[in-house]
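K.L.:
got a predicted model here, sequence first, then my questions.
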Amino acid sequence: MLTVAVLISGTGSNLRALLEAASEPGFPARVVVVGADREADGFAHAEAFGIPSFEVPYSSFESRDAWGAELDAQLRVWSPDLVVLSGLMRLLPAAVVDAWAPRLINTHPAYLPEFPGAHGVRDALAAGVAETGASVIVVDRGVDSGPILAQERVPVLPGDTEHTLHERIKPVERRLLIDVVRRIATGDLDLASFDASDA
């Protein structure tokens with residue numbers, strides 16, 4: 001059984017989807033802990049499923065590296081096989097990436113390498129493209145630049161706003177994430193073949 005830690009910053013909609021999938025009989029992974037860099041609404045999902053949680057408030061530390069060291073320490077308490085960034089709106093320090101990659105994955109609301117960064121949906125609209133997408137990647141030291149594990153195109157429709165487009169991308173993100181976690185757990189996807197440490 002693959003053990004998973006999930007890190008969030010907000011409502012945790014991807015987290016909720018993963019918790020629901022993991023509660024289904026036969027799903028080969030389970031979430032063992034949920035962490036956040038602030039008080040997050042998504043903790044309610046962890047509580048609803050009886051999953052322990054922890055908070056490492058970024059504002060309580062003098063530097064990003066100090067915050068990262070404590071985050072790493074909290075994760076090591078649980079020794080998860082996989083760490084999923086699920087809306088964690090903060091770049092991890094290199095030391096944390098190096099400690100966990102390639103067992104560290106993230107979702108992104110764009111068809112990478114198109115539109116990396118915090119505003120992928122907005123940037124796609126501004127570029128006037130006909131389609132964007134969703135991706136699941138191995139986290140490396142860059143910004144959404146790690147090896148791609150899965151991705152799917154999503155059309156941009158006439159009259160789309162950032163909100164409407166993002167709402168159509170989210171279900172695709174969730175489905176891709178659940179599938180990637182399942183494939184990692186069953187051995188169909190071998191993260192050891194993705195070396196993100198030198199990126």
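P.N.:
Everything's here; your move. Since the structure is predicted, the reported quantities are computational estimates derived from the model, not experimental observations.
K.L.:
low-confidence ranges, the chain, go.
P.N.:
195-199 (pLDDT under 70).
K.L.:
please repeat the previous calculation with a cut-off of 50.
P.N.:
Along the chain, the parts satisfying pLDDT under 50 run over 197-199.
K.L.:
quick one: the helices in it?
P.N.:
Assigned by DSSP state H, the helices in the chain fall at 13-22, 43-48, 64-78, 94-100, 120-127, 162-186.
K.L.:
just put the ones you listed in CSV and tack on mean neighbour count.
P.N.:
All C-beta spots, glycine's among them, are computed from the backbone N, C-alpha and C. Formatted as CSV, the helices of the chain follow (neighbours: other Cβ atoms under 10 Å):
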stretch, mean neighbour count
helix 13-22, 21
helix 43-48, 17
helix 64-78, 16
helix 94-100, 18
helix 120-127, 18
helix 162-186, 18
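K.L.:
format these as TSV; extra columns: distance to residue 30.
P.N.:
Converted to TSV, those look like this (distance: least, Cβ to Cβ, whole Å):
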stretch	distance to residue 30
helix 13-22	5
helix 43-48	13
helix 64-78	12
helix 94-100	18
helix 120-127	29
helix 162-186	9
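K.L.:
which of those sits closest to residue 35?
P.N.:
helix 64-78 (6.0 Å; Cβ to Cβ).
K.L.:
how distant is the closest one from the center of its chain?
P.N.:
17 Å (Cα atoms, centre = their mean, to the nearest Å).
K.L.:
for it, packing partners?
P.N.:
The contact analysis (3 or more Cβ pairs under 8 Å, 6 or more residues apart in numbering; DSSP states H and E) places helix 64-78 against strand 2-8, strand 29-36, helix 94-100.
K.L.:
now the ones you listed as a markdown table including distance to residue 152?
P.N.:
Shown next, in a markdown table, are the helices and strands packed on helix 64-78 (distance: least, Cβ to Cβ, whole Å):
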| stretch | distance to residue 152 |
| --- | --- |
| strand 2-8 | 21 |
| strand 29-36 | 21 |
| helix 94-100 | 25 |
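K.L.:
now do the domain split for this structure, please.
P.N.:
What automatic domain parsing lists as the domains of the chain is 1-100, 107-172+192-199.
K.L.:
sorry, back to before: quick one: closest of the helices and strands packed on helix 64-78 to residue 171.
P.N.:
Of all those, strand 2-8 sits nearest to residue 171, with 17.9 Å by Cβ to Cβ.
K.L.:
parallel or antiparallel, which strands does that closest one pair with?
P.N.:
strand 29-36 (parallel), strand 82-85 (parallel) (DSSP bridges).
K.L.:
export those as a markdown table, with columns for distance to residue 101 and mean neighbour count.
P.N.:
Output for these, formatted as a markdown table (distance: least, Cβ to Cβ, whole Å; neighbours: other Cβ atoms under 10 Å):
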| stretch | distance to residue 101 | mean neighbour count |
| --- | --- | --- |
| strand 29-36 | 17 | 23 |
| strand 82-85 | 9 | 24 |
